[in-house]
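# The sequence and its predicted three-dimensional model are supplied below.
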Amino acid sequence: MAKITKSEYMLSAAWESQWPEESVPEICLAGRSNVGKSSFINTMLNRKGLAKVSSNPGKTRTLNFYNVNDQLRFVDVPGYGYAKVPEHIQKSFGAMIDTYITKRQTLKGLVLILDYRHTPTADDIQMYEYVKYYKLPVIVVATKEDKLKRNELKKFEKRIKEKLGFDESDKFIRFSSFAKTGIDQAWQAIYDLCDVNFD
């Protein structure tokens with residue numbers, strides 16, 4: 001398991017002018033509201049409550065930057081696909097994410113977080129195709145692996161990959177915050193993209 005000696009919330013930023021200096025590699029985290037992004041961050045960084053699990057899905061309206069060992073940043077983008085967020089706010093999310101994805105020089109890849117049990121939504125597919133258009137490597141993290149039976153894992157993985165039009169040069173990680181599975185595999189995939197290693 002990765003040796004996390006320092007993990008901290010840095011800042012939330014809606015505007016490019018507020019983003020931290022481009023000094024270390026960054027990994028962007030995206031997924032539908034309530035899919036488990038906060039749990040993924042907390043599990044990966046071995047720190048409960050660092051990323052707040054919102055009781056109001058769609059509440060995050062900024063890019064949230066997290067410092068990891070002063071060598072890497074996680075950048076959590078607003079959850080998508082939540083109907084109660086007004087359309088004009090959804091559009092502002094889109095513009096902010098578009099600016100970040102296309103202009104950030106230190107961005108090394110995107111972690112797309114999906115619920116292993118469910119077929120990817122139109123929003124999930126759009127996010128995957130969008131970052132692939134910009135030739136950004138993707139790590140697909142399928143959460144809640146512990147909720148599936150062993151004999152369902154391959155079938156559900158195949159379903160997700162087919163729906164996404166998965167590029168086999170990308171990584172697919174079976175993950176469970178509850179069972180603490182997939183952590184080492186996810187870190188290895190991040191290490192490979194960012195040329196860092198905390199072991």
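That came through fine. Numbering: from 1, shown residues only.

# Tell me the helix or strand right after the lowest-mean-pLDDT helix or strand in the chain.
Least confident helix or strand of the chain, by mean pLDDT, DSSP states H and E, is helix 87-103 with a mean of 73. Downstream of helix 87-103, the first helix or strand assigned by DSSP states H and E is strand 107-115.

# For the residue nearest the centre of the chain, pull up the helix or strand it's in.
Centroid-nearest residue in the chain: Leu29, 2.3 Å away (criterion: Cα atoms, centre = their mean). In the assignment (DSSP H and E), Leu29 maps to strand 26-31.

# and what of Arg159?
For Arg159, the element it lies in under DSSP H and E is helix 153-164.

# name the helices or strands packed onto the helix or strand just after that helix?
Heading C-terminal from helix 153-164, the first helix or strand you meet, by DSSP H and E, is strand 171-174. Helices and strands touching strand 171-174, by 3 or more Cβ pairs under 8 Å, 6 or more residues apart in numbering; DSSP states H and E, are strand 138-143, helix 153-164, helix 183-194. C-betas here are computed from N, CA, C, even on glycine.

# wait, which of the ones you listed is closest to Ser38?
Closest approach to Ser38 among these (Cβ to Cβ): strand 138-143, 11.1 Å.

# The helix holding Arg159: how far from the chain's middle?
Its chain's average C-alpha position is 18 Å from that of helix 153-164, according to Cα atoms, centre = their mean, to the nearest Å.

# And it, what's buried?
Buried residues in helix 153-164, counted by 16 or more other Cβ atoms under 10 Å: 156-157, 160-161, 163-164.

# So, low pLDDT: which residues of the protein?
For the chain, applying pLDDT under 70 flags the ranges 1, 53-60, 81-93.

# As a quick check, tell me the outermost residue of it.
Most peripheral residue of the chain (Cα atoms, centre = their mean): Asn151, 26.3 Å.

# Doesn't that residue lie inside a strand?
No - Asn151 is assigned helix when assessed by DSSP: H, G, I helix; E, B strand; the rest coil, not a strand.

# Look up how far Glu16 lies from it.
In this view, Asn151 and Glu16 are 47 Å apart by Cβ to Cβ, to the nearest Å.

# do the same with Gly31
Computed with Cβ to Cβ, the distance linking Gly31 and Glu16 is 22 Å.

# the more surrounded of these two?
Neighbours per residue (other Cβ atoms under 10 Å) separate Gly31 from Glu16, with Gly31 holding more: 24 against 12.
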